[in-house]
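In: Pasting the sequence and the predicted model now:
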Amino acid sequence: MKELLRSNDPTIIAFAQALLQGENINTFEMDVHMSVLEGSVGILPRRLMVAERDLFMARAVMRDNDITIEG
């Protein structure tokens, strides 16, 4: 798995997952419960992971929909 997107905005993560699901790209969201463990309220970013073989296509989908990704 490779990191595609890192954000503390749950709406961006949900939108990205919906777009990728529409392209048959499986995702895995990491660090969902880290804010609860640290005692904060959504301050820590979540990571959206994709399989390495899907990374190129997933980045293209994000770019086409104006979602900023690093790397």
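Out: It's in.
In: can we go C-alpha only for contacts and neighbour counts from here?
Out: Will do.
In: for this protein, which spans come out with low pLDDT?
Out: Low-confidence regions of the chain, defined here as pLDDT under 70, cover residues 35-42, 71.
In: remind me, longest helix of it?
Out: If you go by DSSP state H, the chain has its longest helix at helix 10-22.
In: okay, now residue 57: neighbour count?
Out: When counting by other CA atoms under 10 Å, one arrives at 13 neighbours for residue 57.
In: so which helix or strand takes in it?
Out: Under the criterion of DSSP states H and E, residue 57 resides in helix 55-64.
In: quick one, that helix and helix 10-22 angle?
Out: 120 degrees (axes from the mean of the first three to the mean of the last three CA atoms, to 10 degrees).
In: and helix 55-64, what other elements does it pack with?
Out: Packing partners of helix 55-64 (3 or more CA pairs under 8 Å, 6 or more residues apart in numbering; DSSP states H and E): strand 2-7, helix 10-22.
In: Most tightly packed of the ones you listed?
Out: For these, the largest average neighbour count (mean count of other CA atoms under 10 Å) is found in strand 2-7, namely a mean of 19.
In: Run through who's touching that strand.
Out: The list of residues contacting strand 2-7 from outside it, by CA atoms under 8 Å, 6 or more residues apart in numbering, reads 13, 45-52, 55, 58-59, 69-70.
In: Show me these that map onto strands.
Out: Helix and strand membership here follows DSSP state E; of these, those in strands are 46, 47, 48, 49, 50.
In: Now do the same contact list for residue 30.
Out: Residue 30 touches 46, 47, 48, 49, counting by CA under 8 Å, 6+ apart.
In: just those now: which is nearest residue 25?
Out: In terms of CA to CA, no member of these lies closer to residue 25 than residue 49, at 10.4 Å.
In: would JSON lines of the contacts of residue 30 with neighbour count and distance to residue 7 be doable?
Out: As requested, the contacts of residue 30 are exported to JSON lines (neighbours: other CA atoms under 10 Å; distance: CA to CA, whole Å):
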{"residue": "46", "neighbour count": "21", "distance to residue 7": "5"}
{"residue": "47", "neighbour count": "19", "distance to residue 7": "7"}
{"residue": "48", "neighbour count": "22", "distance to residue 7": "8"}
{"residue": "49", "neighbour count": "20", "distance to residue 7": "12"}
